[in-house]
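Enquirer: I'll drop the sequence and a predicted model, then ask my questions.
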Amino acid sequence: MQPSEEIKSKLDVVDVIKEYIQIKPAGTSFRGLCPFHNEKNPSFMVSPEKQIWHCFGCAKGGDIFAFVMEIEGITFAESLRMLAQKAGVKLEHQNPKLASQKNRILDIIEISAKHFYDNLQGKGGEKAQEYLTGRGLKDEIIEEWEIGYSKESWDDLFNYLKKQGFNENEIFLAGMTVKRDKMSGFYDRFRGRIMFPIKDINGNTVAFTARVMPGGDDKQGKYINSPQTPVYDKSKLLFGLDKAKIEIKKKELAVLVEGQMDVITAHQHGFRNIIASSGTSLTVEQINLLKRYSTNIALAFDMDNAGEMASERGMKTAMQMDMNIKVVEVPNGKDPDECIKQSPEVWEKAVEDAKPMMQYYFDKVISKLNLENIEHKRQAVRKLLPIIGELSSKIEQDYWVKSLSELIDIQEYVLRETLAKALSAKTSKKEFGRAEKKTEPIADRSEERSSQILLALLLKFPNLIEVAVNRIQPDQLIGRDSQDLYRSVIIFYNNIVETHNDLEAVETEISYKKLRNWLENEFGTENANSEPQTRLLEKVAVLGDCDFVDYEPDQAMGEMLRILSVLKKNHLNLRMREIEKMISQAEKEKDSGSINELMKEFKLLTDEMRNTSHNS
């Protein structure tokens with residue numbers, strides 16, 4: 001037994017916390033005023049059953065070590081020594097774990113990549129090879145990027161991996177298979193597709209993007225990707241960064257494109273500082289990855305997309321994190337792949353001439369306005385001033401305020417006053433939000449709160465997980481942490497069902513403690529993905545003990561179905577609003593084909609919304 005676990009087995013969290021603050025019984029839990037922020041109404045809860053605490057006011061929480069570290073202002077090692085002495089536990093050096101399930105999953109994905117590559121080179125891979133050579137890829141670049149082919153078979157990879165000594169559950173957890181209905185077996189996730197391995201920063205293959213063969217069945221989509229697994233989170237990876245990082249550092253520039261073929265073609269032609277994101281949005285994790293090698297980014301997206309980037313959240317985050325962002329204007333609206341193959345010199349010149357993001361956005365906005373018109377001047381201010389406010393550098397802010405002043409012939413002090421008011425209001429709103437959170441124990445938005453209640457119910461009543469999994473997807477929850485924790489619950493649940501081959505085992509095997517231990521084993525306690533999930537797990541565990549302590553199973557089922565309806569309606573509403581915007585844009589461009597497709601999807605969503613409302 002680890003020393004920390006031995007200490008926790010000998011010390012009760014309630015007794016430890018009572019040495020510092022007054023807490024009183026509240027049902028099966030304990031409640032008191034939080035020692036970490038000022039409050040009049042107690043929002044600090046302690047769960048003796050789960051041996052954890054959580055404050056619904058300031059969102060702090062954890063086990064006895066977290067409490068002692070926070071209240072004493074000491075490190076984990078210091079809290080370990082302090083509590084070990086209290087518990088009478090002798091501390092000794094412990095050897096780290098030698099193996100983990102993550103290593104098995106990485107082995108499965110690496111072996112799958114080799115199998116797909118062999119398929120491409122062997123009998124049956126001729127059409128896939130023709131497509132790749134038709135796209136201009138040479139044999140050596142196909143080998144370097146380990147591009148492969150998945151056979152048109154339901155179980156080719158599954159059977160191959162089983163022969164390599166992996167079990168059904170491991171293959172499923174690696175994302176390489178899909179579970180059949182009613183848990184009656186598995187089938188290959190990727191069939192009859194060209195396979196592009198996705199690697200992490202260290203060059204480990206962690207996932208795949210799979211392109212349908214030309215003329216093949218694309219009902220699942222032209223491209224499908226690996227699901228999130230213990231080793232793969234698309235928000236934390238950039239395609240090609242493992243191969244591009246040295247050149248990015250050397251050239252002090254990362255060129256970001258949309259497609260993986262853009263990246264591979266660029267590398268084949270010697271442009272090796274090119275990488276791709278999963279979509280056009282950059283996450284904080286991806287920006288932090290890039291900052292290891294360069295603070296300069298050049299965006300080579302479709303120009304319509306690039307025009308929206310300055311106001312998009314990912315770019316605002318990049319701007320706030322001191323990234324220097326430029327936009328590459330590829331001539332004649334070509335994508336990088338096409339431009340590079342036709343004329344590498346034109347591509348090179350386009351990257352050299354990339355405009356600063358703010359300059360590009362200024363040009364885009366101003367080109368559509370008549371600056372002799374006062375209303376158009378107001379529009380310029382409304383569109384450009386908020387973006388200027390996102391810049392982290394005061395020097396850059398000053399430069400672009402002056403530029404805007406000259407363009408619209410409005411005195412600088414007027415713009416500066418307007419900007420100062422906007423920034424002040426933004427800061428006040430943030431401060432107000434913090435104050436609200438301190439005075440109100442639970443201040444989440446209703447949908448985000450619903451997501452957390454759903455997780456609390458699933459933890460309190462594990463037998464509900466089977467129903468939830470079949471009715472709602474992770475991306476239909478609100479809040480990134482809730483989505484991540486729900487994905488982990490699903491993986492953990494599938495792991496238990498497959499290991500025990502018995503649904504009844506779920507009730508005894510799924511618990512707060514076992515799920516937390518599993519999370520820490522999967523991600524590691526120092527992994528950035530571990531802390532948000534374990535903190536939220538603590539919160540929903542305490543929430544479940546507080547809110548659902550007297551619930552009968554049928555009451556819990558009814559509450560869960562109500563929440564699922566709320567979340568699905570919210571998700572459908574968001575998607576319908578997105579489609580309405582896309583239809584509006586397609587109408588402006590007189591794109592009848594897109595309009596018809598979007599209208600079909602809108603009707604399907606409307607029908608689904610009607611069914612959801614009818615069944616709720």
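Expert: Sure, I can see it.
Enquirer: pull the longest helix from the protein.
Expert: helix 553-588 (DSSP state H).
Enquirer: With adjacent residues omitted, what lies nearest to the residue most central in space within the chain?
Expert: Nearest to the geometric centre of the chain sits S235, at 4.4 Å (Cα atoms, centre = their mean). Closest residue in space to S235, ignoring its immediate chain neighbours: T283 at 4.4 Å, by Cβ to Cβ, 6 or more residues apart in numbering. The C-beta positions use only the backbone N, C-alpha and C, and glycine is treated the same way.
Enquirer: what about the one you found, neighbour count?
Expert: 21 (other Cβ atoms under 10 Å).
Enquirer: Distance-wise, check it relative to L477.
Expert: 18 Å (Cβ to Cβ, to the nearest Å).
Enquirer: do the same with E587
Expert: Using Cβ to Cβ, which is the criterion applied here, E587 is 32 Å from L477.
Enquirer: Between these two, which is the more surrounded one?
Expert: Remark: of E587 and L477, L477 carries more neighbours, 26 against 13, as counted by other Cβ under 10 Å.
Enquirer: which residues does that one contact?
Expert: Contacts for L477 (Cβ atoms under 8 Å, 6 or more residues apart in numbering) come out as 451, 454, 483, 486, 567.
Enquirer: try it again with 7 Å
Expert: Counting by Cβ atoms under 7 Å, 6 or more residues apart in numbering, L477 makes contact with 451, 483, 486, 567.
Enquirer: what's the closest of those residues to K245?
Expert: Among the contacts of L477, Q483 lies closest to K245 (Cβ to Cβ), at 28.6 Å.
Enquirer: in which helix or strand would I find that closest one?
Expert: In this structure, Q483 sits in helix 480-500 according to DSSP states H and E.
Enquirer: Y160 contacts K114, doesn't it?
Expert: No. Y160 is beyond contact range of K114, at 10.1 Å (criterion: Cβ atoms under 7 Å).
Enquirer: which one of these two has more residues nearby?
Expert: Y160 (18 against 14).
Enquirer: Can you say which helix or strand has that one in it?
Expert: Here Y160 is assigned to helix 156-163, by DSSP H and E.
Enquirer: May I see the buried residues of the very next helix or strand once past that helix?
Expert: Following helix 156-163 in sequence order, the next helix or strand is helix 168-173 (DSSP H and E). For helix 168-173, a neighbour-count test (16 or more other Cβ atoms under 10 Å) marks 169-173 as buried.
Enquirer: What of stretch 348-368?
Expert: In stretch 348-368, the ones that count as buried by 16+ other Cβ under 10 Å are 350-351, 354-355, 357-358, 360-362, 364-366.
Enquirer: Could you list which of these belong to helices?
Expert: Using DSSP H, the buried residues of stretch 348-368 in helices are 350-351, 357-358, 360-362, 364-366.
Enquirer: out of the contacts of L477, who has the most neighbours?
Expert: Counting by other Cβ under 10 Å, top hit in the contacts of L477: S451 with 29 neighbours.
Enquirer: pretty sure that residue is touching G479, no?
Expert: Yes. In this structure S451 lies within contact range of G479 using Cβ under 7 Å: 5.5 Å.
Enquirer: Could I get the pLDDT score of the residue of the chain positioned farthest from its centre?
Expert: Distance from the C-alpha centroid of the chain peaks at E372, with 44.7 Å (Cα atoms, centre = their mean). Note for E372: predicted pLDDT of 85.
Enquirer: What of L98?
Expert: pLDDT, read off for L98, is 32.
Enquirer: swap in A207?
Expert: Here, the pLDDT recorded for A207 equals 95.
Enquirer: Does it belong to a helix, a strand or coil?
Expert: strand (DSSP: H, G, I helix; E, B strand; the rest coil).
Enquirer: That one: what's its closest spatial neighbour, skipping adjacent residues?
Expert: Closest to A207 by Cβ to Cβ, 6+ apart is S226, at 3.6 Å.
Enquirer: so the one you found touches K234, yeah?
Expert: No. Look at S226 against K234 with Cβ under 7 Å: they stay out of range, at 8.6 Å.
Enquirer: Make sure Y149 is indeed in a strand.
Expert: Yes. Applying three-state DSSP, one finds Y149 inside a strand.
Enquirer: Can you show me the strands along the stretch 101-250 of the chain?
Expert: 148-150, 177-179, 186-188, 193-199, 205-212, 223-225 (DSSP state E, counting those that start in this stretch).
Enquirer: Each with direction, which strands does the longest one pair with?
Expert: Strand 205-212 has its sheet partners listed here by DSSP bridges as strand 193-199 (antiparallel), strand 223-225 (antiparallel).
Enquirer: What residues sit buried inside that strand?
Expert: Buried residues in strand 205-212 (16+ other Cβ under 10 Å): 205-212.
Enquirer: Also stretch 38-56?
Expert: 39, 42-47, 50-56.
Enquirer: Stretch 15-33 too?
Expert: For stretch 15-33, using 16+ other Cβ under 10 Å, the buried residues are 16-17, 23, 29-33.
Enquirer: which one of the buried residues of stretch 348-368 is nearest F76?
Expert: Taking Cβ to Cβ as the measure, F76 lies nearest M357 of the buried residues of stretch 348-368, at 41.4 Å.
Enquirer: okay, that closest one: pLDDT?
Expert: Value for M357, per-residue pLDDT: 84.
Enquirer: same deal with A528?
Expert: In this model, A528 carries a pLDDT of 48.
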